[in-house]
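> next come a sequence and a model predicted from it.
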Amino acid sequence: MEKNKLLTSIKGTEYYMAPEIIWNEKNSVETRQTYDGKCADIFSLGVLLFTLIFNQQPFKKASPGDYSYRNIYNSNFEAFWAKLNNKLSTFSLEDQNDIKQLIECLIAHDPAKRYTID
């Protein structure tokens, strides 16, 4: 992919799609907003990592209408993690904090707040 090339296409599996791609689903080709493909890939990586660690999807769809995603959308990660207390408790406290920070920075709703690969 070319550096700084912005995309409008809708590709991928909905479970892993970044919110900026989901937003484009409901729009016609002419009204779709551009998004950074690398940034969307970082989001997908966060969903995949979460799934590998916890053996479950973090949400069904990266949309405010999805109950589990709404906490991420509202930056209420405390509520997001509360449902996973039993699974988190299998890790040391230090590891829990590292896991949370990493995943939060990968699946942040705002693409500008996500980690980058540049």
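That came through fine.
> ok, the residue positioned nearest the centre of the chain to residue 29 distance?
Central residue of the chain (Cα atoms, centre = their mean): residue 107, 2.9 Å from the mean position. From residue 107 across to residue 29, the span is 27 Å (Cβ to Cβ, to the nearest Å). (Glycine included, C-beta is placed from N, CA and C.)
> ok so, going back, doesn't residue 44 make contact with the residue nearest to the centre of the chain?
No - with contacts counted by Cβ atoms under 8 Å, residue 107 stays clear of residue 44, the gap being 9.1 Å.
> what about residue 19, how many residues close to it?
When neighbours are defined as other Cβ atoms under 10 Å, residue 19 has 23 of them.
> give the buried residues for the helix or strand bottoming out on mean pLDDT in the chain.
The least trusted helix or strand in the chain, going by mean pLDDT, DSSP states H and E, turns out to be helix 19-25, with a mean of 84. Neighbour-count burial for helix 19-25 flags 19-24 (criterion: 16 or more other Cβ atoms under 10 Å).
> one more: stretch 27-44?
Residues 32, 35-44 are the ones in stretch 27-44 that count as buried (16+ other Cβ under 10 Å).
> could you do stretch 96-109 as well?
Buried residues in stretch 96-109 (16+ other Cβ under 10 Å): 96, 99-100, 103-104, 106-109.
> and the biggest helix by length in the chain, average pLDDT?
For the chain, the helix reaching the highest residue count under DSSP state H is reported as helix 37-54. Helix 37-54 shows a mean pLDDT of 96.
> what number of residues lie near residue 14?
Applying other Cβ under 10 Å, I find that residue 14 has 13 neighbouring residues.
> can you pull the pLDDT of it?
pLDDT, residue 14: 88.
> so how far is residue 45 from it?
Counting by Cβ to Cβ - residue 14 and residue 45 are separated by 16 Å.
> same check on residue 116?
If you go by Cβ to Cβ, the gap between residue 116 and residue 45 works out to 11 Å.
> for residue 72, same thing?
Counting by Cβ to Cβ - residue 72 and residue 45 are separated by 15 Å.
> swap in residue 57?
Applying Cβ to Cβ to residue 57 and residue 45 gives a distance of 14 Å.
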